[in-house]
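Novice: With the sequence up front, the predicted model follows.
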Amino acid sequence: MLENLKPQAPDALLALIKAYADDPSPDKIDLGVGVYRTGQGDTPVFEAIKRAEQKLVDTQDTKAYLGPEGDMGFVNALKPYIFGDNPTMGGRIQGMQTPGGTGAVRLAVALAQRAGVTRLLMGTPSWPNHAQILNDIDLEMIGFGHADDDGTANVDAVLEAIAQAGSEDAILLHGSCHNPTGIDYTHDQWDTIAQAIADKGIFPIIDCAYQGLGQGMDEDAYGLRRILDTVPEAFVAYSCDKNFGMYRDRVGAFYALAKDSDALDAIFSNANALARASWSMPPDHGGSAVRVILRDPELTKLWLDELSTMRDRMRQVRTMLADAGTAGSVNLVPLGSQNGLFAVLPVSKEQVQQLRDDHAIYMAGSGRINIAGLHAGNIDKFVQALADVTQ
Ligand code: LMR
């Protein structure tokens, strides 16, 4: 039987982690998988998390099962940060914990499919795992171009895709810090998109994996909140893996906005059943640590300070890149006004390979770079190498 399994290519992004680790070059540069790095190239545990973990060690009195919904203290404590001043929208929003943002995306699209969604509109390029998840659950994807060549969002393309959509379509949007392009919609564009989605009656799913890494916690939630204010129903897939630095602990949450609070019961009975059949229950530790932080004003302040240090550093790197102007045929100026960990450079697969072979610079084959892999000590080498391969 097992001969029926055809070998699959390893996930290209995750394969980069190993390729980089195996490279002995002393001045190698890792611009691959999306983790934050300090100016020294480290990805330290947040001090707020360390303190919360210590509290957990000292006070946690059981590790007995919770349930498919996970730690509801964690899920509810996050709500004001995601949804703002009216965090349940009159009892219309409920959530549950998931294994990372990926678990939340998986749950959101599988539940939408169970509710009758037959196609998902999605801007391309997107995080490669979005397409893999859709493929795995056999949900058809309708792509539209996310960005224009000048490094801004192609709002006409998304509006056109919405205009062409059918009544059983959903649309997947990145809340902020678009992965891979770093190109977000402006507030005016979000207003227009939200109204178009509401007018057309299609179902929005918002993937919010980078809140706080772009312009600020509230600023990065603008589009998500605007859509939820405008439509009757929506799903949100949320990740704390980046904004709490909890990557390997897999800390995520899924939220649904329903027409009224009664509708939430049926939605979450299905969500619980899907979770039970997939992972049974989410891992607890990371969600508990986030809950401890968010229930403690001092730890919350420490966390927000650490998050803003990360954000400021990424803005500084973006400014350095934009100040470099051009590198060979690549215009770096638009990167200065884009957001979050990522940007896509107009380089070919061959040029990406050349950067790896000749300069020990590791980036995704799509041309995506992780901004946080750069710092004052390696940015000149990067710009020169880019010029070298694109000249
Ligand atoms: C990334 O895009 O690099 C991150 O979201 C990590 C992942 O799981 O792909």
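Specialist: Perfect, thanks for sending it. Residues are numbered from 1 along each chain as shown.

Novice: Only C-alpha atoms from now on, for both contacts and neighbour counts.
Specialist: Will do.

Novice: Burial check on residue 224, number of neighbours?
Specialist: By other Cα atoms under 10 Å, the residues close to residue 224 number 24.

Novice: which residues touch the helix or strand that contains residue 73?
Specialist: Element membership of residue 73 [criterion: DSSP states H and E] is helix 72-83. Here helix 72-83 makes contact (Cα atoms under 8 Å, 6 or more residues apart in numbering) with 86-88, 95-97, 217-218, 221, 224-225, 253, 287-288, 290-291, 294-295.

Novice: Repeat that for stretch 372-388.
Specialist: Counting by Cα under 8 Å, 6+ apart, 29-31, 35-41, 313-314, 317, 321, 324, 327-330, 341, 355, 359, 361 sit against stretch 372-388.

Novice: before we move on, what about stretch 301-308?
Specialist: By Cα under 8 Å, 6+ apart, stretch 301-308 touches 46-49, 212-213, 216, 243-244, 293.

Novice: Quick one: these as TSV, columns for pLDDT, secondary structure and distance to residue 336 too.
Specialist: Below are the contacts of stretch 301-308 laid out as TSV (pLDDT from 0 to 100; DSSP: H, G, I helix; E, B strand; the rest coil; distance: Cα to Cα, whole Å):
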residue	pLDDT	secondary structure	distance to residue 336
46	98	coil	26
47	98	helix	29
48	98	helix	29
49	98	helix	30
212	98	coil	17
213	98	coil	14
216	98	coil	16
243	98	coil	21
244	98	coil	24
293	98	helix	32
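
Novice: As TSV, the residues you listed with neighbour count and distance to the ligand would be great.
Specialist: Formatted as TSV, the contacts of stretch 301-308 follow (neighbours: other Cα atoms under 10 Å; distance: Cα to the nearest ligand atom, whole Å):
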residue	neighbour count	distance to the ligand
46	17	18
47	13	22
48	23	22
49	21	20
212	24	15
213	26	13
216	15	19
243	23	12
244	23	14
293	25	23
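
Novice: Specify which member of those is nearest to residue 110.
Specialist: Residue 110 lies nearest to residue 243 out of the contacts of stretch 301-308, by Cα to Cα, at 25.3 Å.

Novice: Am I right that residue 281 is in a strand?
Specialist: No - judged by DSSP: H, G, I helix; E, B strand; the rest coil, residue 281 forms no part of a strand; its state is coil.

Novice: and it, how many neighbours?
Specialist: 20.

Novice: How much space separates the residue nearest to it when sequence neighbours are not counted from residue 383?
Specialist: Distances taken as Cα to Cα, 6 or more residues apart in numbering place residue 68 nearest to residue 281, at 4.3 Å, with adjacent residues excluded. Residue 68 sits at a distance of 48 Å from residue 383 (criterion: Cα to Cα, to the nearest Å).

Novice: Mind checking which of the two has more residues around it?
Specialist: Neighbours were counted for residue 68 and for residue 383 using other Cα under 10 Å; residue 68 has more, 21 against 18.

Novice: correct me, but the more buried one touches residue 277?
Specialist: No - if you go by Cα atoms under 8 Å, residue 68 and residue 277 don't touch, sitting 9.4 Å apart.

Novice: what's the residue nearest the centre of the chain in contact with, if anything?
Specialist: Residue closest to the average C-alpha location in the chain (Cα atoms, centre = their mean): residue 209, at 2.8 Å. Applying Cα under 8 Å, 6+ apart to residue 209 gives the contacts 101, 175-176, 237-242.

Novice: make it 10 Å
Specialist: Residue 209 makes contact with 100-102, 105, 174-179, 236-243, 252, according to Cα atoms under 10 Å, 6 or more residues apart in numbering.

Novice: now swap in residue 131 and tell me
Specialist: 122, 124-125, 139-141.

Novice: follow-up on the earlier one: keep only the contacts of helix 72-83 that also lie close to the ligand.
Specialist: Contacts with the ligand within these, counted by Cα under 6 Å from any ligand atom: none were found.

Novice: CA atoms of the helix or strand bottoming out on mean pLDDT in the chain as CSV?
Specialist: Using mean pLDDT, DSSP states H and E, the weakest-scoring helix or strand in the chain turns out to be helix 12-22, at a mean of 91. Extracted C-alpha coordinates of helix 12-22, given in CSV (Å, rounded to 0.1, in the frame of the first residue of the first chain):
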residue,chain,number,x,y,z
ALA,A,12,10.5,25.1,0.4
LEU,A,13,10.5,27.7,3.2
LEU,A,14,11.1,25.2,6.0
ALA,A,15,13.9,23.5,3.9
LEU,A,16,15.7,26.9,3.9
ILE,A,17,16.2,26.6,7.7
LYS,A,18,18.2,23.4,7.2
ALA,A,19,20.1,24.7,4.2
TYR,A,20,21.2,27.8,6.1
ALA,A,21,22.2,25.8,9.2
ASP,A,22,24.4,23.5,7.1
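
Novice: Start at 288, not 1
Specialist: All set: I'll call the first residue 288, so the last point we hit is now helix 299-309.

Novice: got the buried residues for that helix?
Specialist: For helix 299-309, burial by neighbour count (16 or more other Cα atoms under 10 Å) applies to 300, 303, 307.
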